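K.L.:
Predicted model and sequence below, questions to follow.
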Amino acid sequence: MVFDFNSDLAQEYGIYKNEGAYEVAEYVSSVNIAAGFHAGDPLSIKNALEFAKNRNLAVGAHIGFPDISGFGYRNMDLREDEIEAMVIYQLGAISAFANALNIEIEHVRCHGAMYEKLNTDVEFAKSVARAVKKFNPWLNLFVGNPETKAIIEQEIQINCSYEVLFNETMSVRQLREMSVIPDTVHFTTLENVKRAYDVIKPAPINYNRVKEQV
């Protein structure tokens, strides 16, 4: 059984760098590029995309609430039109850079408070999914709640991937034995991703491409 491993890149801004993220990304098959609202400036986005292209990694947009000072960890109550604009704006930013490098974004992952809300507030999740679909109906939305995933796929009719967050107590064996098998596994530390990589080599889901690495 093969899993997609994903991690975040461009979670930096100006003089505030996060070089450790690139060490983690050496062991994954998909990367999520911060889109500028919670982190990610133009140069860090460009560098992250070039890194991904050079390693043939699947690329996704890592979107969040407009909250640079709080690193996207503060919840916001937004209207439907505000959610749509927020999502499309960030997808547009990553897509523009990706197009310049002749690559495509293939998935969307929410960050921080937006990620938590996506997985606990079904109406919010559907609003995000509608915005993603409006931008590009072929994009794949990462969801950490299987029930929410099923609702989005049925009602909004876009593809979703069930994501599990890998922590210090988890093992690849546990991933394989889960009642709902994840499509993608998220990593934040070098220790954890290396531990998983020693057991199984990841492959991107390749939502819009031929599954050449599976």
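P.N.:
Ah, there it is.
K.L.:
biggest helix in this structure, by residue count?
P.N.:
The helix that spans the most residues within the chain, counting by DSSP state H, is helix 80-100.
K.L.:
these two touch, right, V24 and E191?
P.N.:
No - V24 lies out of contact with E191 (Cβ atoms under 8 Å); the separation is 9.5 Å. Every C-beta, even on glycine, is put in place using the N, C-alpha and C of the backbone.
K.L.:
More neighbours: those two, which one.
P.N.:
Per other Cβ atoms under 10 Å, whichever of V24 and E191 has more neighbours is V24, with 23 against 10.
K.L.:
host element of the more buried one?
P.N.:
V24 is located in helix 20-25, with elements delineated by DSSP states H and E.
K.L.:
which residues does the most centrally placed residue in the chain bridge with?
P.N.:
Nearest to the mean C-alpha position of the chain, counting by Cα atoms, centre = their mean, stands R109 at 2.9 Å. Listed by DSSP bridges, the beta-bridge partners for R109 are H62.
K.L.:
which residues in this protein form strands?
P.N.:
4-9, 30-34, 58-63, 105-110, 140-143, 160-165, 184-186 (DSSP state E).
K.L.:
Contacts for the shortest one, please.
P.N.:
Think strand 184-186. Strand 184-186 has contacts (Cβ atoms under 8 Å, 6 or more residues apart in numbering) with 3-7, 30, 109, 142, 161-166, 175, 196, 202, 205.
K.L.:
Buried only: go through those for me.
P.N.:
Buried members of these, scored by 16 or more other Cβ atoms under 10 Å, are 3-7, 30, 109, 142, 161-164, 166, 175, 196, 202, 205.
K.L.:
List the buried residues of stretch 76-86.
P.N.:
By 16+ other Cβ under 10 Å, the buried positions in stretch 76-86 come out as 76, 78, 83-84, 86.
K.L.:
which of these lies closest to G40?
P.N.:
Nearest to G40 out of these is M86 (Cβ to Cβ; 14.3 Å).
K.L.:
How about the contacts made by that closest one?
P.N.:
Counting by Cβ under 8 Å, 6+ apart, M86 touches 37, 63, 65-66, 78, 131.
K.L.:
Tell me which of the residues you listed fall in helices.
P.N.:
Under the assignment DSSP H, the contacts of M86 contribute A131 to helices.
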